[in-house]
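Chemist: need the 3D shape of this:
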Amino acid sequence: MYTAFASVYDRLMSDVDYPAWAAFYQTLLTLYGLHAGKVCECACGTGGLTIPLAAMGYQMTGVDVSEEMLFEASQKARRAGAMIPFVKQDMRALRLHRQMDAVLCTCDGLNYLPGPEDVLAFFHAAFQAIRPGGALAFDVSTPYKLERLLGDTFIGDETADIAYLWKNVYHPATASVDMALSVFARQQGETYLRISERQTQYAHALETLEALLAQAGFEGVRVFGDGTFAPPCATEQRWHIAARRPLPAPAGDETPARA
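Modeler: Numbers count the residues shown, from 1 in each chain. Presented below is the predicted three-dimensional model:
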């Protein structure tokens, strides 16, 4: 995923208000007492959220599976004067040299994990990467969005220097959307570079996500609607979900075993 497409990704996403999205995550983290600290963002892409979160005072680390997206992120961070390490890793096998105060997975990162076993692998890895008392926060496109809004659609748009054709096919058996994207980026003169990208996103039920978080050891799970701190509605397009890694029980607080 995201090879040559990385070079045009930010132009296609120019209408996304990343500073506002970062501010939402900042508020979300404060609900868990994290006003500052070390934060790892998984599936960080070109750093659209990583860089503004660093500007807010968090010590950010960016992780992504795409070398090309990480290259774009590192160049943007350098231009912004931000010292952010960007690391190529599969988030299902996340391994960091120090524990974080929080781990994030933003912008549909979880929707690229095919099944519950993959989601659980990420939750387990994140649990180990977070210090006791720290938080995991992520967002996912909802099953409603994938089936009703993205599935079986065709979208096209054109600007002065870029155009795209985007076709989606929804598969009920796997609750997934295959996405085929053709991008035409203007080069010098009247020539265009064509970039083709194919991806698949998977829907995950809220009850499944909550159960997997508990199985991985998290507690204090909270679920919010799209960009709000209100409970999600039935037609919500995005869930924001957060949970905490528990603090260890105080010494001598164990419940005695029954005879």
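Chemist: how distant is stretch 71-78 from the center of its chain?
Modeler: In terms of CA atoms, centre = their mean, to the nearest Å, the centre of stretch 71-78 is found 18 Å from the chain centre.
Chemist: any weak-confidence spans in the stretch 151-259 of the chain?
Modeler: For the stretch 151-259 of the chain, the stretches with pLDDT under 70 are 252-259.
Chemist: which residues in it form helices?
Modeler: Counting by DSSP state H, counting those that start in this stretch, the segments of the stretch 151-259 of the chain that form helices are 206-216.
Chemist: ranges for the strands of the stretch 1-150 of the chain?
Modeler: Ranges of strands within the stretch 1-150 of the chain are 37-42, 58-64, 86-88, 100-105, 130-141, based on DSSP state E, counting those that start in this stretch.
Chemist: pLDDT weak spots in the stretch 1-150 of the chain?
Modeler: Along the stretch 1-150 of the chain, segments meeting pLDDT under 70 span 1-4.
Chemist: so how far is residue 63 from the residue nearest the centre of the chain?
Modeler: By CA atoms, centre = their mean, the chain has its centre lying nearest to residue 106, at 2.1 Å. With distances taken as CB to CB, to the nearest Å, residue 106 is found 11 Å from residue 63. Yep, even glycine has a C-beta here, placed from its N, CA and C like the rest.
Chemist: sorry, back to before: reformat the strands of the stretch 1-150 of the chain as TSV; add mean neighbour count.
Modeler: Below are the strands of the stretch 1-150 of the chain laid out as TSV (neighbours: other CB atoms under 10 Å):
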stretch	mean neighbour count
strand 37-42	25
strand 58-64	25
strand 86-88	16
strand 100-105	27
strand 130-141	22
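Chemist: kindly reformat those as CSV containing distance to residue 193.
Modeler: Output for these, formatted as CSV (distance: least, CB to CB, whole Å):
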stretch, distance to residue 193
strand 37-42, 29
strand 58-64, 23
strand 86-88, 25
strand 100-105, 31
strand 130-141, 28
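Chemist: nearest residue to residue 113 in space, please, no chain neighbours.
Modeler: Using CB to CB, 6 or more residues apart in numbering and skipping the chain neighbours, the partner closest in space to residue 113 is residue 119 (5.1 Å).
Chemist: got a list of what that neighbour touches?
Modeler: Shown in contact with residue 119 (CB atoms under 8 Å, 6 or more residues apart in numbering): 110, 113, 204, 208-209, 212.
Chemist: from those, which single one is nearest residue 225?
Modeler: Among the contacts of residue 119, residue 209 lies closest to residue 225 (CB to CB), at 14.8 Å.
Chemist: gap between the residue lying closest to that closest one once chain neighbours are set aside and residue 93?
Modeler: Take residue 209 and drop its neighbours on the chain: the residue closest to it by CB to CB, 6+ apart is residue 241, 6.3 Å away. Distance of residue 241 to residue 93, computed by CB to CB: 21 Å.
Chemist: before we move on, what about residue 161?
Modeler: According to CB to CB, residue 161 stands 38 Å off from residue 93.
Chemist: repeat for residue 33
Modeler: Distance, residue 33 to residue 93, using CB to CB: 28 Å.
Chemist: the residue lying closest to residue 80 once chain neighbours are set aside - how many residues pack around it?
Modeler: Closest residue to residue 80 apart from its sequence neighbours, by CB to CB, 6+ apart: residue 51 at 5.4 Å. When neighbours are counted by other CB atoms under 10 Å, residue 51 registers 24.
Chemist: sorry, back to before: now do the same contact list for the residue nearest to residue 209.
Modeler: Neighbouring residues of residue 241 by CB under 8 Å, 6+ apart: 137-140, 209, 213, 221-224.
Chemist: for residue 146, same thing?
Modeler: 111, 170, 175-177, 201-203.
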